[in-house]
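Q: what's the 3D shape of this:
(one chain, ligands or ions: 2)
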Amino acid sequence: MKEIKKGIVELEGRGATRKLGLEIANALEPGDVVALVGELGTGKTALTGYIAEGLGIKEEVVSPTFTIVKLYEEGRIPLAHFDIYRLGGSEELLDVGAGEIIGGRYASVIEWADIAADILPADSLLVHLSYGEGEDERRAEIL
Ligand SMILES: Nc1ncnc2c1ncn2[C@@H]1O[C@H](COP(=O)(O)OP(=O)(O)OP(=O)(O)O)[C@@H](O)[C@H]1O
Ligand SMILES: [Mg+2]
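A: Residues are numbered from 1 along each chain as shown. Ligands and ions are numbered 1, 2, ... in the order given. Just a heads-up that it's a prediction; the model follows:
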């Protein structure tokens, strides 16, 4: 992954989230992992959609809650979008074949990454999303 500025970013509207998503997309290389953590509705899927846009993926990104992972092949680098909300832990993530995907030719974005934190690469980009003051405000802490 290319260098990304770490720290807290106030996301004052979806446009700011889009800007962050496009920045992350530019930094991604095959094998990279973006670990998204944050309560329901804080914008994990929205941010993933903007990352996908930045990679050149035209298909609309929807949350793969029931399938756990959705693969997008059309971008600058292929994207694996995981939503592991329903999983009990990292063994269950490995059971769905994640070991073959994460770290391979895909860049991986993982919603609810804290559930499987123990198997994620140490150099994963951790983005912690939370609510801001206003309805359209979110905050990203990038670690
Ligand atoms: N600044 C913002 N950035 C991102 N999304 C925003 C922002 N302001 C409002 N929203 C809205 O917040 C909602 C975020 O929903 P999203 O599905 O992305 O959250 P999520 O974290 O993936 O939720 P879940 O835990 O259910 O997967 C969307 O309806 C989006 O339009
Ligand atoms: Mg989501």
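Q: hey, let's count contacts and neighbours off CA atoms from now on
A: Noted.
Q: looking at it, Ile8 is touching Arg138, isn't it?
A: No - using C-alpha atoms under 8 Å, Ile8 is not in contact with Arg138; the gap is 10.7 Å.
Q: from Leu93, how far out is Gly75?
A: Computed with C-alpha to C-alpha, to the nearest Å, the distance linking Gly75 and Leu93 is 24 Å.
Q: quick check: mean pLDDT across stretch 90-97?
A: Averaging pLDDT along stretch 90-97 gives 96.
Q: quick one, what contacts the most centrally placed residue in the chain?
A: Closest to where the C-alpha atoms of the chain average out (C-alpha atoms, centre = their mean) is Val109, at 3.2 Å. Counting by C-alpha atoms under 8 Å, 6 or more residues apart in numbering, Val109 touches 33-36, 48, 79-82.
Q: check Ser130 too.
A: Counted by C-alpha under 8 Å, 6+ apart, Ser130 has contacts 38-39, 42, 138-140.
Q: specify which member of those residues is nearest to Tyr131.
A: Arg138 (4.6 Å; C-alpha to C-alpha).
Q: list phi and psi for Val127.
A: phi -120, psi 110 (degrees, to the nearest 10).
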